[in-house]
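Colleague: Need a 3D model of the sequence below.
(one chain, ligands or ions: 1)
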Amino acid sequence: MPTNFNVGLLGHVDSGKTTLAKALSSISSTAAFDKNPQSVERGITLDLGFSGVLAQTPQGYPLQFTFVDCPGHASLIRTIIGGAQIIDLMLLVVDAQKGIQTQTAECLIIGELLQKKLIVVINKIDVLPADQRESKLEKLRSRLSKTLGSTSFGSQVPMYGVSALEGTNIEELRAGLSDAFFQPERNTNAPLLMYVDHCFGIKGQGTVCTGTLLQGRVQVNDTVELPALREQRKVKSMQMFRQNVTSASMGDRIGLCVTQFNATLMERGVIAEPGYLKPIYAVCLRLRPIRYYKQSIKSNSKLHISVGHDTVMANVTLFRDNDNRSTDLQPEKDYEFVEELLPVEVPESDVVFALLQFETPVLIPPNSILIASKLDMDVHSTSCRLAFWGRIAWQTHCSNYIQDVLPKLRIFKRKQKVGSIQRVVNANEVIVHNLFKKEANRDLYVGKWVDLSTGERGLIERTFGQTSKVAITFREALSTETILNIKDIKVLLNCKKYIFNKQAGLFQ
Ligand SMILES: Nc1nc2c(ncn2[C@@H]2O[C@H](COP(=O)(O)OP(=O)(O)OP(=O)(O)O)[C@@H](O)[C@H]2O)c(=O)[nH]1
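Modeller: Residues are numbered from 1 along each chain as shown. Sure, this is the predicted structure:
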C-alpha cells in the first residue's frame, strides 16, 4: 500500500480549489468535485470533497496524495477548520487577479496555528494578459512573500503560478508536491480516532462512514464506538479509494462499513475506540490571541468554538495569574478575572486563560487545538473572524460541573468595600459602620487591613456590638487633622470576590 499524504486545498471562494483538485487528481471518492446537488445548483463547494492521485516520493517510493477540497465561502469556515485538521500539507489557492482576500488570510491563520506545511498556488494565470503575466506574477509573489514573512511559515514558502482550467504548470505543481512530501508523524499505537465526514446506508450491507484516521488503526471485525450516539458497531468491511482493504492506520482515508445505524443521525463526527471519548462540558485553555482579530474578547460573551469537525457555542470567562507567568493552570491558585482584552494588545509572553462552558457537551480528543471565532459577523465583512486558539489545560466530564467543579476554580474580582467612622474611641481606635451588610459574617474579616481615605492604615481588631460595626486600631496615633474631619473620612477594605464560589470570602 502506498503511503497516504493528505493535502488540503484552502482559499477564498471561487479561487479555483475544486478545479485545481480535479486537475491534480486521477481518482475521485464518493464525495468529490461538488457532486452534492446543492453545490451544483449554487456553484460553490458546500462540503469537503476528496480525490486523489498516485505518485512517487523523490526516492521512488509509492505515494498516494489525497486532496481535501475545502469550501471557500465565508459561511462555511467551520467546515474549513474541520478539513484543515486532517491534512498534512496545505495548498493555499490565491486568485492571480485578486491576490490575498479575506478568506485567504483566514485560511493562512488556520494553517499557521495547526502548524501545517504550506505551498502557495497562484491560480488563473491565464486571465492575466500574456504580455504582463510575468511582471504581475512577480509583484504578487513579492506581496505574498511579505505577508508570509510575518507568519511562522516565513517568506520562503514555495509558490506556483498555474491555470487549473487550462492545465498550465500542473505537472510542475505535482512535482513540487512530491518534493514537499515528508513522512508524517503517525501514531498508530494510540487509540483509534477517525474523523467522519460523510455517512450513508447501503441496503443489505450496513452503514458506510467515510473519513480520515487521525490516530491508531482499525481492522475488519473490530468493534468501534460512535460516541455521539453512545453506540458500538462491528466493522464489516472497508475500502480505500474503492479498493477493499482489511486494515487501515493513521493518516489513511477510508470508507468503513459498519453494522447498520441511522446515517442521518451522524452526518459528521467521530468514530473511536470504545470508551476513548467522553462528552466534555467545560474546558480551560491558555488563550493564544489571533493578532488580526480587531475586536475585543469579552468575558461572559459567547463565541463559536471549533474542534475537529465540531463547532459549538461557548460562554467565555477570561482570567489571569497576577503573581507569575506560569503557563500551567494550577488548582488552588487565585486567578484574577479579566473583563476584556484586545488580541493586538496582548504580548506573546502574557499568560491569560479562558474558561469555555459549552452550550452542548463536545467530544474532544486529548491534545486537540480549539479555535474560537465570531461567526455571526457579516460574511461580507473583510475583518478576520478568528479570535483566539489554544490547547486544553483542564477539562471536565462532569455533568454537574456548575455545582461541583466550578467552585474549585478560584477566579476572583477585586472589590472595595467602603464604610465610615461612627466615632473615635481614642487616637488609636475608631468604631466603623456601613462597611458590612447586617447579615455578613464579620468574624471572617478580623485581622484584615483597612485604609483610610487619608492614607492611614489600620487593622480590624474585633467586631463591635450586635449589628454590622467593627473596631479598628492603628499602630500610630491618628493625626489631629484626621480626627477633626472624621465624618468625611472613608474606610476602605480591599477584598476578593470569587465569581463561582460566593461563600469563599477571602482577601488580598
Ligand atoms: N480562467 C480561469 N478560471 C478558473 C480557473 N480555475 C477555476 N476557474 C473558474 O473559477 C470559478 C470557480 O472555480 P471553483 O473551482 O469552483 O472555485 P472554488 O475555489 O473551488 O470555489 P468554492 O469551493 O465555492 O470556494 C469557476 O467558474 C471555474 O471555472 C483557472 O485556472 N482559470
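Colleague: Is it correct that D310 is in contact with P361?
Modeller: No - D310 is beyond contact range of P361, at 10.3 Å (criterion: CB atoms under 8 Å). Heads up, the C-betas are built off the backbone N, CA and C, glycines and all.
Colleague: neighbour count winner among those two?
Modeller: Between D310 and P361, D310 has the larger neighbour count (other CB atoms under 10 Å), namely 22 against 17.
Colleague: The more buried one and the ligand: what is the separation?
Modeller: 22 Å (CB to the nearest ligand atom, to the nearest Å).
Colleague: mind listing what the residue lying closest to that residue once chain neighbours are set aside touches?
Modeller: In space, and not counting its chain neighbours, D310 is closest to V362: 5.4 Å by CB to CB, 6 or more residues apart in numbering. The contact partners of V362, by CB atoms under 8 Å, 6 or more residues apart in numbering, come to P279, I280, I305, V307, D310, V312.
Colleague: For the ligand, see how far away V362 is.
Modeller: Note on V362: its distance to the ligand, by CB to the nearest ligand atom, is 27 Å.
Colleague: okay, that residue: pLDDT?
Modeller: Looking at V362, its pLDDT reads 89.
Colleague: how about it, secondary structure?
Modeller: Put simply, V362 is strand when judged by DSSP: H, G, I helix; E, B strand; the rest coil.
Colleague: Show me the helices in this protein, by range?
Modeller: Applying DSSP state H to the chain gives helices spanning 17-24, 37-42, 77-85, 102-113, 133-149, 170-180, 401-404, 480-484.
Colleague: Now do the contacts for H12.
Modeller: Residues near H12 by CB under 8 Å, 6+ apart: G72, V93, V94, D95, K98, Q101, T102, Q103, T104, C107.
Colleague: quick one: low-confidence ranges for the chain?
Modeller: For the chain, residues meeting the criterion pLDDT under 70 lie at 1, 26-50, 71-80, 82-83, 377-381, 502-508.
Colleague: So which elements touch the lengthiest strand in it?
Modeller: Counting residues, the longest strand found in the chain (DSSP state E) is strand 411-426. Applying 3 or more CB pairs under 8 Å, 6 or more residues apart in numbering; DSSP states H and E, one finds that strand 411-426 contacts strand 335-338, strand 429-433, strand 490-498.
Colleague: List the strands paired with the first one, with their directions.
Modeller: For strand 335-338, the paired strands and their directions (DSSP bridges) are strand 310-320 (antiparallel), strand 411-426 (parallel).
Colleague: Give me the residues contacting it.
Modeller: With CB under 8 Å, 6+ apart as the test, strand 335-338 has contacts from 299, 317-322, 352-353, 409-414, 499.
Colleague: The second one too?
Modeller: Contact with strand 429-433 is made by 419-425, 450, 458, 461, 464, 467-474, 478, 486, 491, as judged by CB under 8 Å, 6+ apart.
Colleague: Buried ones only from the residues you listed, please, as a PyMOL command.
Modeller: Buried residues among these (16 or more other CB atoms under 10 Å), as a PyMOL selection:
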select buried, resi 419+420+421+450+458+464+468+469+470+471+472+474+478+486+491
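Colleague: Residues in a beta bridge with the residue sitting nearest the centre point of the chain, which ones?
Modeller: Note on the chain: the residue nearest the mean C-alpha position is I371, at 1.7 Å, using CA atoms, centre = their mean. Following DSSP bridges, I371 is listed with bridge partners S306, W389.
Colleague: Thank you, goodbye.
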